[in-house]
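S.K.: whatever this is, show me its structure:
(4 chains)
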There are 2 protein chains.
Amino acid sequence: MLTIGKLGEAAGVKVPTIRYYEQIGLLPEPDRSAGNQRLYGQSALDRLAFIRHARELGFPLEAIRDLLSLTDNPGQSCAAADVIAKKQLAAVKARIVRLTALEAELKRMITQCAQGTVADCRVIEVLSDHSHCAQDHRTSEAAE
Amino acid sequence: MLTIGKLGEAAGVKVPTIRYYEQIGLLPEPDRSAGNQRLYGQSALDRLAFIRHARELGFPLEAIRDLLSLTDNPGQSCAAADVIAKKQLAAVKARIVRLTALEAELKRMITQCAQGTVADCRVIEVLSDHSHCAQDHRTSEAAE
DNA sequence: TCTTGAAGCTATAGCTACTAGAGACCTTAG
DNA sequence: CTAAGGTCTCTAGTAGCTATAGCTTCAAGA
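M.R.: Numbering: from 1, shown residues only, chains lettered A, B, ... in the order given. So this is what the prediction gives:
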């Protein structure tokens, strides 16, 4: 049996995060020791590793909740899991496109900065006026 | 003079967002009409456009606060602006790297999904065990 | 056995950058 | 003059945690 600290270490998740996941119902309430401390078994570790991994892949917690409900009834079709993953892939692709445009714009800004005074700084100037931009980045990362 | 609605329209920023920016001190408190409604001039529009553009480029509000304080004293060196922009560029680059790894992993997961039942669905399996991953994406987008 | 320090407990508040709602007030066109 | 739509303040909510306070429990060394 693992304490919450050991579980967190094993799964690579911080202790308060585990308690948070329990609170929002992603992890079941574990058994407690005589002194009221949480005790976890292998299944909790597996489940937490699953959650962590999905978070690393950028899945929002609600999608993870759905994925977990799939694993909880493993007899049914995995088409639902496939749909979630495809949706996530589309989102990731879109973000890459937008970020790449931002990268180009920032590079351009920086290379044009003459290192003089703020009054004639390209960085400030570009930020002041969108017409200085090479591309349209109006549907941006920040606007998500 | 512009009302808050007209200002928002002109700058492409929603009305509650303008009030929020005022609240956190990014925008100065404007004059008011006899009926206590906010009235803005050209300088507020310029400042708001600057903020919006910087947000589109992914700058966090704190960085924008710093950039705005630079524009408020335009005589000094623009090295600080350069530093802020370079920091932002580095952050954007790092996100692209991570997202590209995520993209590859999601593609791999999806192509391997046998479209059978959850029990042999690779989507679930890959998410359950990090050792299935082609790359290490442990320093991920989600972990930011 | 006692003690000390780490780890655990609950509960609450905070973070970013907004967004949404309630209920009242102002402005303007017809 | 009235009705519609814009604006006002205030509060609370969103995601996904993180941090703090003040307490209790546990494990190891003297």
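S.K.: list the contacts of the residue in chain A that DNA strand C sits nearest to.
M.R.: Closest to DNA strand C within chain A is residue A:5: 2.3 Å, counting by C-beta to the nearest atom of the strand. Using the backbone N, CA and C atoms, a C-beta is placed for each residue, glycine as well. By C-beta atoms under 8 Å, 6 or more residues apart in numbering or on different chains, the residues touching residue A:5 are residue A:15.
S.K.: host element of it?
M.R.: Assessed by DSSP states H and E, residue A:5 sits inside helix A:4-11.
S.K.: after that helix comes which helix or strand?
M.R.: Downstream of helix A:4-11, the first helix or strand assigned by DSSP H and E is helix A:15-23.
S.K.: element containing residue A:81?
M.R.: helix A:79-112.
S.K.: which of the residues in that helix are buried?
M.R.: Using 16 or more other C-beta atoms under 10 Å in any protein chain shown as the test for burial, helix A:79-112 gives A:80-82, A:84-86, A:88-89, A:91-93, A:95-96, A:98-103, A:105-106, A:109-110.
S.K.: do it and chain B meet?
M.R.: Yes. Helix A:79-112 comes into contact with chain B (C-beta under 8 Å from any C-beta of the partner chain), by way of A:79, A:81-82, A:84-86, A:88-89, A:92-93, A:95-96, A:99-100, A:102-103, A:105-107, A:109-110.
S.K.: same question for stretch A:30-42.
M.R.: No. Stretch A:30-42 lies out of reach of chain B by C-beta under 8 Å from any C-beta, never closer than 12.5 Å.
S.K.: how about the spatially most central residue of chain A, phi and psi?
M.R.: What sits nearest the mean C-alpha location of chain A, by C-alpha atoms, centre = their mean, is residue A:58, with 3.9 Å. Main-chain torsions, residue A:58, degrees, to the nearest 10: phi 90, psi 10.
S.K.: check whether stretch A:20-28 contacts DNA strand D.
M.R.: Yes. Counting by C-beta under 7 Å from any atom of the strand, DNA strand D is contacted by stretch A:20-28 at residue A:20.
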